[in-house]
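**Student:** after the sequence you'll find the predicted model.
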Amino acid sequence: MKHYKIFLRQISLLIAVLGITILILSFRNGSPQRNIEVAKITDTNEVRVDTDKFSIALPKGWRHFVQESQGFKIFFLMSPPVDNFAPNLNILTEDTQGMSPDEYMKVSDENMKKGGMIKDGSGDFEVNGVIGKYSTSVLSYQGTNIALKSYVFIKNGLAYVITGSCLVTQKDSYRPIFDKTVKTFKIK
């Protein structure tokens with residue numbers, strides 16, 4: 001019976017994470033890119049996942065999978081559950097429709113605000129020579145306060161959107177993990 005309850009709790013966590021992602025996706029700009037395919041995993045000192053568009057290292061103990069939602073293929077990096085929530089990063093790509101990074105972030109911020117997210121920070125973030133933007137926000141979802149940190153990198157008209165989510169009570173522990181993981185992100 002105990003294993004059954006743990007399994008149900010894990011399914012509930014996954015449903016909550018997917019619900020948050022769907023909510024975030026409903027406020028995205030532009031057209032979705034649908035072709036994220038995991039090509040290989042290499043095992044050196046880190047586990048690095050390569051797709052046709054990017055690569056990224058997984059934090060130790062995390063797993064990855066691809067989920068399709070609202071026409072987007074979303075690449076997830078998922079930590080083991082902590083406090084009945086699985087902190088995670090998700091990556092999606094979309095066409096910027098010619099917007100500059102500042103324009104793209106402005107529209108994203110407006111759309112996120114419409115979705116009830118409260119922005120509490122922003123700035124620049126550099127990864128492997130590509131300067132991007134980040135914004136932090138808080139979302140109350142079904143009575144749970146979730147801290148989000150979204151990173152946006154634009155290259156050749158394609159926005160690479162990486163969003164980390166964890167409980168507000170976990171953000172001091174997980175945002176540094178999100179930053180460190182995003183620093184391994186490489187656009188092809």
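**Tutor:** Sure, I can see it.

**Student:** Val168 touches Ala147, doesn't it?
**Tutor:** Yes: distance between Val168 and Ala147: 4.7 Å, which falls inside the contact criterion (CB atoms under 8 Å). (Each C-beta comes from the backbone N, C-alpha and C, glycine too.)

**Student:** where along this structure do the strands fall?
**Tutor:** Under the criterion DSSP state E, strands of the chain are mapped to 38-43, 47-51, 54-58, 63-69, 72-78, 88-95, 118-127, 130-141, 144-155, 158-167, 186-187.

**Student:** returning to what we had before: show me which of Val168 and Ala147 is the more surrounded one.
**Tutor:** In this view Val168 and Ala147 are compared by other CB atoms under 10 Å, and Ala147 has more residues nearby, 22 against 14.

**Student:** mean pLDDT and distance to Ser173 for the strands of the chain - can I get that in JSON lines?
**Tutor:** Shown next, in JSON lines, are the strands of the chain (pLDDT from 0 to 100; distance: least, CB to CB, whole Å):
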{"stretch": "strand 38-43", "mean pLDDT": "49", "distance to Ser173": "26"}
{"stretch": "strand 47-51", "mean pLDDT": "82", "distance to Ser173": "21"}
{"stretch": "strand 54-58", "mean pLDDT": "91", "distance to Ser173": "17"}
{"stretch": "strand 63-69", "mean pLDDT": "87", "distance to Ser173": "19"}
{"stretch": "strand 72-78", "mean pLDDT": "88", "distance to Ser173": "16"}
{"stretch": "strand 88-95", "mean pLDDT": "93", "distance to Ser173": "14"}
{"stretch": "strand 118-127", "mean pLDDT": "94", "distance to Ser173": "17"}
{"stretch": "strand 130-141", "mean pLDDT": "93", "distance to Ser173": "15"}
{"stretch": "strand 144-155", "mean pLDDT": "95", "distance to Ser173": "11"}
{"stretch": "strand 158-167", "mean pLDDT": "95", "distance to Ser173": "8"}
{"stretch": "strand 186-187", "mean pLDDT": "94", "distance to Ser173": "25"}
